[in-house]
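mind folding the following:
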Amino acid sequence: MTTHPAPDPGPAAFLRRRTGLIIPLLLLVTGVVLGAGTLTMDVPANVASPGPQMFPTVVAVACLVFAVLLGIDVLRRPEPEQAAAVSVSSVSSVSSTVAAAPTDTTAATDATGTTADETPAAVRTRSNRWAVAGLVGTIVAFIALLVPLGWLLSGALLFWGVARALGSRRPVFDIFLSVAISSTVQLAFSAGLGLSLPPGILAGVL
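Residues are numbered from 1 along each chain as shown. So this is what the prediction gives:
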């Protein structure tokens with residue numbers, strides 16, 4: 001009988017199964033930075049309620065709440081070491097089937113439809129590092145381009161980059177949708193809250 005070594009309980013094994021903590025960490029940093037910026041915002045005394053601090057406060061609180069909930073979920077349900085493993089009983093049944101079956105050109109098949117010469121591969125789920133890198137890069141580019149380009153263009157770039165990072169492969173549709181979303185946010189701030197977002201290079205147009 002073959003004995004399998006116990007999994008390493010060290011910090012490396014702990015973090016390897018919880019790479020999903022990257023997203024809650026990013027949300028936590030975003031919420032803290034946004035909250036600090038909101039608290040230190042210079043608001044004129046004659047600004048009517050709700051004022052410019054309401055919307056960033058809501059976003060900061062939402063980021064913190066989702067960061068905590070996602071972090072708890074990742075800690076409670078870590079990634080499995082193997083999403084699919086070959087059990088000893090299934091291997092034994094396949095071996096006995098092969099031994100009892102007559103020799104011919106047809107591969108022996110067990111009750112589950114798996115041929116005798118097939119071995120189910122062990123699969124371990126992993127985090128999509130490219131998607132995370134794309135999201136982080138898009139946010140960094142949005143922050144850097146917000147003032148020179150303005151909200152309308154940088155916001156559209158933000159929504160388009162997030163859609164691409166999450167797997168969308170319809171660039172033309174994503175461009176139109178991103179421009180529509182950023183335009184809607186621009187109108188909501190200017191007409192609904194009486195606030196002006198950075199116009200950037202479109203200062204003479206908006």
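
so where do the strands sit in the chain?
With DSSP state E, there are no strands along the chain.

okay, now the unreliable bits of this structure?
The model of the chain has pLDDT under 70 over residues 1-17, 47-49, 80-127, 192-194, 206.

number of residues surrounding the nearest residue to residue 132 once chain neighbours are set aside?
Excluding its sequence neighbours, the residue lying closest to residue 132 (Cβ to Cβ, 6 or more residues apart in numbering) is residue 22, at 5.6 Å. Using the backbone N, CA and C atoms, a C-beta is placed for each residue, glycine as well. Neighbour count for residue 22, taken as other Cβ atoms under 10 Å: 15.

ok, now the one 10 residues further on?
Burial measure for residue 32: 14 neighbouring residues, criterion other Cβ under 10 Å.

likewise residue 36?
Applying other Cβ under 10 Å, we find 11 residues neighbouring residue 36.

how much space between it and residue 52?
Applying Cβ to Cβ, to the nearest Å, the value for residue 36 to residue 52 is 15 Å.

again with residue 45
13 Å.

of those two, who's got more company?
Neighbour count, other Cβ under 10 Å: between residue 45 and residue 52, residue 52 has more, with 18 against 4.

now the more buried one: how far from residue 143?
To residue 143, residue 52 is 18 Å away according to Cβ to Cβ.

same check, this time on residue 178
17 Å.

for the longest helix anywhere in the chain, output the C-alpha coordinates as CSV.
When the chain is parsed with DSSP state H, its longest helix is helix 54-76. Backbone C-alpha positions of helix 54-76 (Å, rounded to 0.1, in the frame of the first residue of the first chain) are rendered in CSV as follows:
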residue,chain,number,x,y,z
MET,A,54,-21.6,61.7,-0.9
PHE,A,55,-20.8,59.6,-4.0
PRO,A,56,-17.1,58.8,-3.1
THR,A,57,-18.2,57.9,0.4
VAL,A,58,-20.7,55.4,-0.9
VAL,A,59,-18.1,53.9,-3.2
ALA,A,60,-15.5,53.7,-0.4
VAL,A,61,-17.9,52.0,2.0
ALA,A,62,-19.0,49.6,-0.8
CYS,A,63,-15.3,48.7,-1.5
LEU,A,64,-14.6,48.0,2.1
VAL,A,65,-17.7,45.9,2.6
PHE,A,66,-17.1,43.8,-0.5
ALA,A,67,-13.4,43.4,0.4
VAL,A,68,-14.3,42.0,3.8
LEU,A,69,-17.0,39.7,2.4
LEU,A,70,-14.8,38.4,-0.4
GLY,A,71,-11.9,37.9,2.0
ILE,A,72,-14.0,35.9,4.4
ASP,A,73,-15.3,33.7,1.5
VAL,A,74,-11.8,33.0,0.1
LEU,A,75,-10.5,32.1,3.6
ARG,A,76,-13.4,29.8,4.3
